[in-house]
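Novice: let me see the structure of the following:
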Amino acid sequence: MADAAAIARVHVDSWRVAYRDHLPAELLASLSVEQRQAGWEELLGNPESPTLVAELDGEVVGFAGVGPSRDEQGVAELYAIYLDPQRYGTGVGRALMDAALARLRELGYGEATLWVLDGNERAERFYRIAGWRKDEGALKTEDWRGTTIREVRYRRLLEPPT
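Specialist: Residues are numbered from 1 along each chain as shown. Predicted coordinates:
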């Protein structure tokens, strides 16, 4: 629970940078670290959906949430992976992804999915490099705070590392 505030800060900062070309500026400006912190305090207590935290010099610089798929029985899901924008391109995201995949393997999963904002090329490229492939035809559209969000699903096998 002690990490909730730091995770919330990374979450909001990352959204504001990663989605600035995809979501309305007013929506991004309205994001609240305090509101996210309350949500994270709840989520961090769920043992079925662990949250992995990346720290550098005692500071939380990223996080990943994993657990059972919200769409398919017996499949895992990478719910989220976000970094402090100042850490983009430093290898922290790759290390966090590796740790998330290892945790899913430890939980006994052989396959995983994730949802990504359609058109977020930076994120999609990151996932493809990490071995994820677009799950053709798997799309969802949601209304979030008056904004329509379209997401595409990616999938990968969780073979043991070589």
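Novice: give me every residue that touches Thr51.
Specialist: Thr51 is in contact with 3, 7, 40, 43-44, 63-66, counting by CB atoms under 8 Å, 6 or more residues apart in numbering. Bear in mind the C-beta positions are built from the backbone N, C-alpha and C, glycine included.
Novice: and those residues, which is closest to Pro50?
Specialist: The shortest approach to Pro50 among these belongs to Val66, at 6.1 Å (CB to CB).
Novice: need the contacts of Thr51 in a markdown table with distance to Arg94, can you?
Specialist: A markdown table is the format used below for the contacts of Thr51 (distance: CB to CB, whole Å):
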| residue | distance to Arg94 |
| --- | --- |
| Asp3 | 21 |
| Ile7 | 19 |
| Trp40 | 23 |
| Leu43 | 24 |
| Leu44 | 24 |
| Phe63 | 15 |
| Ala64 | 12 |
| Gly65 | 17 |
| Val66 | 16 |
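Novice: among the residues you listed, which are located in helices?
Specialist: In helices, defined here by DSSP state H, the members of the contacts of Thr51 are 7, 40, 43.
Novice: which of the residues you listed has the weakest pLDDT?
Specialist: Minimum pLDDT across the ones in helices among the contacts of Thr51 is recorded for Leu43, with 87.
Novice: relative to Gly39, how far out is the nearest residue to that residue once chain neighbours are set aside?
Specialist: Leaving aside its sequence neighbours, Leu43 sits nearest to Thr51 (CB to CB, 6 or more residues apart in numbering; 6.6 Å). Taking CB to CB, to the nearest Å as the criterion, Thr51 is separated from Gly39 by 12 Å.
Novice: related to what we said a few turns ago, can you lay out the contacts of Thr51 as JSON lines showing neighbour count and distance to Leu78?
Specialist: Written out in JSON lines, the entries for the contacts of Thr51 read as follows (neighbours: other CB atoms under 10 Å; distance: CB to CB, whole Å):
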{"residue": "Asp3", "neighbour count": "16", "distance to Leu78": "19"}
{"residue": "Ile7", "neighbour count": "25", "distance to Leu78": "16"}
{"residue": "Trp40", "neighbour count": "22", "distance to Leu78": "17"}
{"residue": "Leu43", "neighbour count": "17", "distance to Leu78": "14"}
{"residue": "Leu44", "neighbour count": "18", "distance to Leu78": "17"}
{"residue": "Phe63", "neighbour count": "26", "distance to Leu78": "12"}
{"residue": "Ala64", "neighbour count": "23", "distance to Leu78": "7"}
{"residue": "Gly65", "neighbour count": "20", "distance to Leu78": "8"}
{"residue": "Val66", "neighbour count": "25", "distance to Leu78": "6"}
